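A.B. asks: give me coordinates for this.
(one chain, ligands or ions: 2)
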Amino acid sequence: MIKNTIRTFVSRLFAAPVQKDKRRIYSQEQHKIDRRLVSRNAIKVCEVLQQKGYDAFIVGGAVRDLVLGYEPKDFDVATNATPEEIRPLFRRARIIGRRFQLVHVVFGQEIIETSTFRAPSQGNQHTDADGRILNDNVFGTQQEDAARRDFTLNALYYDPVREIVIDYHNGVADLKNHLVRMIGDPETRFREDPVRMLRAVRFASKLNGTIEPATQAPIHQLAGLIKNVPDSRLFDETLKLLTCGNAIVALEQLRKEGLHENVLPLIDQVLRQPGGEQFVQLTLERTDHRVRSGKSVSPSFLFAALLWRLVDVNWKKNLARKEHTVPALSQAADLVIDTHISKMAIQRRHTADMREIWFMQPRFERRIPKQIWRMTEQPRFRAACDFLQLRAACNEFDSVLAQWWMDLADATPGERTEMIDGLTAEQQAAGPASPPRKRRKRRSNASSKSRTTGGGNTTGNASSGSPAAS
Ligand code: ATP
Ligand code: MG
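C.D. replies: Ligands and ions are numbered 1, 2, ... in the order given. As a prediction, the model looks like this:
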């Protein structure tokens, strides 16, 4: 009995964080961060700063991930040293930013973003008519720095030297409950920066959690403020939302909060196209799967896939007007990019890649050995083959033929030679290639085409039959 009481007392003592002023301090036994998941370079930055007498902590998303046991993708450090004090301490460090300066400490491929504690809005900031902060660049204390962060789960400070987590806003508890709770008055903070509404949705979806009711309450009414956000920032945030690892849930939540019209108006249009819902669903499922298995997702592939049904519908319309395949596709791509993409701040190189992925699609219909080598040399060949798999999974391209292309993309140069030689022999055995005019006639049926052009092993399960190259 007494033993049990002592045991309970001791376990409570260890479970409860030490509370100092407004802070809770969690020891290693309590936060259980696995040091092997912490970047050596981030630890190094903290150590160097601390050796010089400054405070230095890993902050933000990295601490959130570490407390949950995930490996963070990047690391930020916050310190009471100013940028001028930080820079000379590292061999490769540069001060960046005009509005608010911070330091990039560079270690090979890895950059540790190191910023000075900042103070939150004092009410004397420059804001627009809706309350959006236009400048905030005042250095502050650690406690002030915590208060100007968005959600409690994003305001944790991890000291990798002492292995403690400092928590001013009960973020560890919220994090364990997968609860996204705004620091301060939610409406004011959403007005200050409407992007926080999208971040709330993203973190709730990513953690499979919920937005705390008081935080959620003003979102519907403030959703329209998203239109004040600069395009490039909106695009970055949209991309993060679509690649949070739970994109389908995130889109549902966006819709529920009335945010999607201002964030991804194109999605509704795509969903209205024939087969649009299936294509978007599959694209997002595959994206989630890639993200969860730690693979990267290319923005161009993602947007090429999300917009494909619109491109395809317009392409077919142009073909029905007797236009040739390539100009018909080019016009369709221009139209979709001008209408939906030019408004988003998607970089030009991404739109160039999207076009390349789309333009390779008709070329997959006919396997002409001489041309195949040239196709494999194109930089987006693999992405275009991946894209073809999506189309096959939606029954708009023959799945066996699509697999042949995927195998080719995965093959070594020697294996590629074998595959292409095998195809040549197969086509020769089947007799002379059909004259181009005949082929054009068959372009409304992809499966019969693939059978006549060497896809002798096809299952013929293609359905809508995208137009063939001419
Ligand atoms: P991820 O890197 O997965 O996008 P993150 O939380 O690290 O998530 P960042 O944009 O890298 O997001 O920001 C780092 C930290 O800066 C956040 O954790 C948060 O503390 C703070 N922060 C970022 N954006 C805002 C914002 N709009 N308002 C207030 N604080 C923010
Ligand atoms: Mg981050």
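A.B. asks: residue contacts, the residue in the chain that ligand 1 sits nearest to?
C.D. replies: The nearest approach of the chain to ligand 1 comes at G61, 2.3 Å away (C-beta to the nearest ligand atom). Bear in mind the C-beta positions are built from the backbone N, C-alpha and C, glycine included. Applying C-beta atoms under 8 Å, 6 or more residues apart in numbering to G61 gives the contacts 72, 74, 76, 154.
A.B. asks: relative to the whole chain's centre, how far out is stretch 381-393?
C.D. replies: Distance, stretch centre to chain centre, for stretch 381-393: 19 Å (C-alpha atoms, centre = their mean, to the nearest Å).
A.B. asks: near ligand 1, which residues of the chain are found?
C.D. replies: Residues of the chain lying near ligand 1 by C-beta under 6 Å from any ligand atom: 60-61, 76, 149-150, 154-155, 193, 195-196, 240.
A.B. asks: now the strands for the stretch 51-200 of the chain?
C.D. replies: Here the stretch 51-200 of the chain has its strands, by DSSP state E, counting those that start in this stretch, at 56-59, 76-79, 93-96, 102-107, 110-116, 126-127, 133-135, 156-159, 164-167, 179-180.
A.B. asks: with the stretch 201-350 of the chain instead?
C.D. replies: 210-211.
A.B. asks: low-confidence stretches in it?
C.D. replies: Within the stretch 201-350 of the chain, the segments meeting pLDDT under 70 span 343.
A.B. asks: change it to 90
C.D. replies: Counting by pLDDT under 90, the stretch 201-350 of the chain contains low-confidence ranges at 227-236, 238, 251-252, 255, 258, 260-280, 292-297, 322-323, 325-326, 337-350.
A.B. asks: from the centroid of this structure, which residue is nearest?
C.D. replies: T243 (2.9 Å; C-alpha atoms, centre = their mean).
A.B. asks: which ones are touching E212?
C.D. replies: 174, 179-182.
A.B. asks: buried subset of those residues?
C.D. replies: For the contacts of E212, a neighbour count by 16 or more other C-beta atoms under 10 Å gives the buried set as 174, 179-182.
A.B. asks: now the residues you listed in CSV, with distance to N41 and pLDDT?
C.D. replies: Shown next, in CSV, are the buried ones among the contacts of E212 (distance: C-beta to C-beta, whole Å; pLDDT from 0 to 100):
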residue, distance to N41, pLDDT
D174, 29, 97
L179, 31, 98
V180, 29, 98
R181, 31, 98
M182, 31, 98
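A.B. asks: which of those residues sits closest to L307?
C.D. replies: Among the buried ones among the contacts of E212, V180 lies closest to L307 (C-beta to C-beta), at 29.9 Å.
A.B. asks: beta-bridge partners for the closest one, please?
C.D. replies: Beta bridges link V180 to I211, judged by DSSP bridges.
A.B. asks: quick check: the gap between it and F381.
C.D. replies: 41 Å (C-beta to C-beta, to the nearest Å).
A.B. asks: which residues are contacting stretch 321-341?
C.D. replies: 265-266, 269, 303, 307, 310-315, 317-319, 351, 354-355, 358-359, 361-362, 443, 467-470.
A.B. asks: next, count neighbours for the closest residue to H350 other than its chain neighbours.
C.D. replies: Spatially, and ignoring its direct neighbours in sequence, H350 is nearest to S300 (4.3 Å; C-beta to C-beta, 6 or more residues apart in numbering). S300 is flanked by 21 other residues according to other C-beta atoms under 10 Å.
A.B. asks: hmm, back to that, please pick the buried ones from the residues of the chain next to ligand 1.
C.D. replies: Among those, the ones that count as buried (16+ other C-beta under 10 Å) are 60-61, 76, 149-150, 154-155, 193, 195-196.
A.B. asks: helices - which of these land there?
C.D. replies: 61, 195-196 (DSSP state H).
A.B. asks: next, the residue nearest to the residue nearest to the centre of the chain when sequence neighbours are not counted: phi, psi?
C.D. replies: Excluding the flanking residues, the one nearest T243 by C-beta to C-beta, 6+ apart is V297, at 4.9 Å. Note on V297: its backbone torsions stand at phi -120, psi 130 [degrees, to the nearest 10].
A.B. asks: V297: neighbour count?
C.D. replies: 17.
A.B. asks: next: D145.
C.D. replies: D145, neighbours per other C-beta under 10 Å, totals 24.
A.B. asks: contacts only, for it.
C.D. replies: 78, 117-119.
A.B. asks: what pLDDT does the model give it?
C.D. replies: Looking at D145, its pLDDT reads 95.
A.B. asks: same question, I133
C.D. replies: As predicted, I133 sits at a pLDDT of 58.
A.B. asks: so where's the stretch 51-200 of the chain shaky on pLDDT?
C.D. replies: Ranges of the stretch 51-200 of the chain meeting pLDDT under 90: 73, 97-101, 119-139.
A.B. asks: how is the protein carved up into domains?
C.D. replies: 1-177, 193-264, 292-430 (automatic domain parsing).
A.B. asks: and the helices in the stretch 151-300 of the chain?
C.D. replies: Assignment of helices within the stretch 151-300 of the chain using DSSP state H, counting those that start in this stretch yields the ranges 171-176, 186-192, 195-206, 213-216, 219-222, 231-242, 247-256, 260-263, 265-272, 276-292, 299-320.
A.B. asks: buried residues in the last one?
C.D. replies: In terms of neighbour count (16+ other C-beta under 10 Å), helix 299-320 has its buried residues at 299-316, 318-319.
A.B. asks: same question for stretch 38-55.
C.D. replies: Judged by neighbour count (16+ other C-beta under 10 Å), stretch 38-55 contains these buried residues: 38-39, 41-46, 49-50, 54-55.
A.B. asks: most tightly surrounded among the helices of the stretch 151-300 of the chain?
C.D. replies: Neighbour counts (mean count of other C-beta atoms under 10 Å) averaged over each of the helices of the stretch 151-300 of the chain peak at helix 195-206, with a mean of 24.
A.B. asks: next, the angle helix 231-242 makes with that one.
C.D. replies: Angle of helix 195-206 versus helix 231-242, following axes from the mean of the first three to the mean of the last three C-alpha atoms, to 10 degrees, is 10 degrees.
A.B. asks: any idea which of the domains of the chain gets closest to G275?
C.D. replies: domain 292-430 (5.9 Å).
A.B. asks: report the secondary structure element holding the residue nearest to F397 when sequence neighbours are not counted.
C.D. replies: Nearest residue to F397 in three dimensions, chain neighbours excluded: R391, at 4.3 Å (C-beta to C-beta, 6+ apart). Assessed by DSSP states H and E, R391 sits inside helix 381-393.
A.B. asks: mind listing what's buried along the helix or strand following that helix?
C.D. replies: On the C-terminal side of helix 381-393, the nearest following helix or strand under DSSP H and E is helix 399-410. Neighbour counts over helix 399-410 (16+ other C-beta under 10 Å) mark 399-406, 408-409 as buried.
A.B. asks: hang on, Q378 is in a strand, isn't it?
C.D. replies: No. Read with DSSP: H, G, I helix; E, B strand; the rest coil, Q378 is coil and lies in no strand.
A.B. asks: which residues touch it?
C.D. replies: 356, 360, 384.
A.B. asks: now do 10 Å
C.D. replies: 356-357, 359-360, 363, 384 (C-beta atoms under 10 Å, 6 or more residues apart in numbering).
A.B. asks: so which of those residues belong to helices?
C.D. replies: 356-357, 359-360, 384.
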